[in-house]
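*Asks:* sharing a sequence plus its predicted fold:
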Amino acid sequence: MDNRPVIVGVGSIQQKGNYKSLDEALILMDIATKKAIKDTNNENIKNFIEEIHIPKGYWRYRDPGKWIATKNNFKDVKTSVYKIGVLQQSLLNSCCNKILNKEIGASLIVGGEARYKQLRSVIEKKEYFETKLDENPDFYIKAKEDLYGDEELEELGAMAVGYYATMETALRKNDNENIEEHQNNIASMYEEFSKVASNNEDAWLDHPYSKKEILETSKKNKMLAYPYNKLHCTSWNVNQSAALIICSEELANKLEIDNKKRVYPISSSENNHMIAIQQRPKLYESLGMIYAAKSINRMMEQLDIRLDAYDLYSCFPAAVKMFSKSLELGSEIPKTITGSMPYAGGPLNSFVIHSTVKMIQKIRALEARHGLVTGVSGMMTKQSFCVWGKEYQEQFIFDDVTERAKLDEKPVELSNIAEGEGEIIGYTIIEGSEHASKAVLYLDDEKKHRKVVSSLDKNFINLLMEEEWVGKKVKFKDGQATP
């Protein structure tokens, strides 16, 4: 097939150092782009790139794509920026399907963050400067649904850690783990991840962490949201960028790109059915995610493909566990090739580009024949799966399970009761106002309608950390809970 999609160039970069030695995100993305072009061993590829796709980062640029296109002499390129809430894998899948339909010949996908430079600006008391880009992209894509419910946004704010920590306690209960067993298990998992990261030259981590270091709270390992310490959580404060160039097999042949450079997307599945955590039937699983996982497993069975490597999205332990369960992976199977987002680095809204680059490099090096990369958008809101391989199949296979998930997974009604009793289905503890600890509890009321409440009671908060409270009932009044 001359219109088969194939990755022909990859590039990645990370920077450490003082403020002056660090670049802003725009420059990082340009460097990664140049590396990807050079990686193809034929710089004429830039004459055939028709689209640039960029997941929106923490930066303020309207459209980095046009600036990158100008800097690299791309001609007549359409640019797209994707807001948080759109799967990063969707960018790749869109490119693959356009190449299959002969709508385009080649695309660039690039993302990046410079939050570490911003952090250094605060530490060194420097003014952070970011190039001003006011021109809009050709396309600005955002999710139609909201990521949060009103009550949970009021109690947890917009930071992801509290939402994932709440899912984690629901997972703990569903797995029948006691408090100590659960804490040991997630610390052991992340100890192994840190070892992988320490051997990954692109990882942010300088050295591995022990299980004890991950378990114990300290000044550098604060509890961010019970049961997560900082070392359980994705690290946004990185200077990192990654880029991929994908084109048709016909163009790769025309440019005489070496077969050793070529890695193929074999199949992909997505779930884009969005339900805010507050209204999910089960906090510890997503039906759409299970459908997408079963779809990718079914494709692998039909193609007689055995997967050799995995990089499961790893912003927090709950994500790894939910992906692993949906794929029915045994505990003995390694879940990461990057070393996970806390240790490899978790640039906001573009980590899947990094994990995909790492998987492609692993396949090129013949360290794996086929590898699976998974992705998440929002608060475990949407999920994706993509299999990559050195040996191409007849056609890239894509399955979007969204409509099936919409039919089968309905949002739980919100409670309109101001006072009553509810059963805890998940909870976390975060730092509230004036640095006081605050418990946030997700409840099913007497009608099995959903409510989010909080408590500042110190004795109750201590009990929540000492014993399992998922499944127990509490009283609530005007948003406050009492045991």
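*Replies:* It's in.

*Asks:* going by C-alpha atoms from here, please, whenever you check contacts or count neighbours.
*Replies:* Will do.

*Asks:* how many other residues sit next to Asp76?
*Replies:* 13 (other CA atoms under 10 Å).

*Asks:* now do the helices in the stretch 301-450 of the chain.
*Replies:* Counting by DSSP state H, counting those that start in this stretch, the stretch 301-450 of the chain has helices at residues 317-327, 341-344, 351-364, 402-408.

*Asks:* do the same with the stretch 1-150 of the chain
*Replies:* Per DSSP H, counting those that start in this stretch, the stretch 1-150 of the chain carries helices over the ranges 25-39, 64-71, 88-100, 115-123, 150-156.

*Asks:* ok, which of those helices comes nearest Leu108?
*Replies:* helix 25-39 (7.9 Å; CA to CA).

*Asks:* keeping just the C-alphas, turn the closest one into CSV.
*Replies:* The C-alpha trace of helix 25-39 is given here as CSV (Å, rounded to 0.1, in the frame of the first residue of the first chain):
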residue,chain,number,x,y,z
ALA,A,25,8.9,25.9,25.1
LEU,A,26,8.8,27.4,21.6
ILE,A,27,12.6,26.9,21.1
LEU,A,28,12.4,23.4,22.6
MET,A,29,9.7,22.4,20.1
ASP,A,30,11.8,23.9,17.3
ILE,A,31,14.9,21.9,18.4
ALA,A,32,12.8,18.7,18.6
THR,A,33,11.4,19.4,15.1
LYS,A,34,14.9,19.9,13.7
LYS,A,35,16.0,16.7,15.3
ALA,A,36,13.1,14.8,13.8
ILE,A,37,13.9,16.2,10.3
LYS,A,38,17.5,15.3,10.7
ASP,A,39,16.6,11.8,11.9
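
*Asks:* now the angle between helix 115-123 and it, please.
*Replies:* 150 degrees (axes from the mean of the first three to the mean of the last three CA atoms, to 10 degrees).

*Asks:* which strands and helices sit next to helix 25-39?
*Replies:* The contact analysis (3 or more CA pairs under 8 Å, 6 or more residues apart in numbering; DSSP states H and E) places helix 25-39 against strand 5-14, helix 64-71, strand 106-114, strand 239-248.

*Asks:* now do the longest helix along the chain: which elements does it pack against?
*Replies:* Across the chain, the helix with the greatest residue count (assigned by DSSP state H) is helix 179-198. Using 3+ CA pairs under 8 Å, 6+ apart as the contact test, the elements touching helix 179-198 are helix 211-215, helix 341-344.

*Asks:* mind listing what's buried in the longest one?
*Replies:* To tie it back to what came earlier, the one meant is helix 211-215. Lys211, Ile214, Leu215 (16 or more other CA atoms under 10 Å).

*Asks:* could I get these as TSV with distance to Glu466 and pLDDT?
*Replies:* TSV is the format used below for those (distance: CA to CA, whole Å; pLDDT from 0 to 100):
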residue	distance to Glu466	pLDDT
Lys211	20	96
Ile214	18	97
Leu215	15	95
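
*Asks:* go through those and name the one nearest Tyr128.
*Replies:* When the buried residues of helix 211-215 are compared against Tyr128 (criterion: CA to CA), the nearest one is Ile214, at 31.9 Å.

*Asks:* just checking, the closest one touches Asn221?
*Replies:* Yes - using CA atoms under 8 Å, Ile214 is in contact with Asn221, at 7.5 Å.

*Asks:* so for the two, which residues contact both of them?
*Replies:* Common contacts of Ile214 and Asn221, defined by CA atoms under 8 Å, 6 or more residues apart in numbering, comprise Asn229, Leu231.

*Asks:* where does the stretch 251-400 of the chain dip in pLDDT?
*Replies:* Along the stretch 251-400 of the chain, the parts satisfying pLDDT under 70 run over 393.
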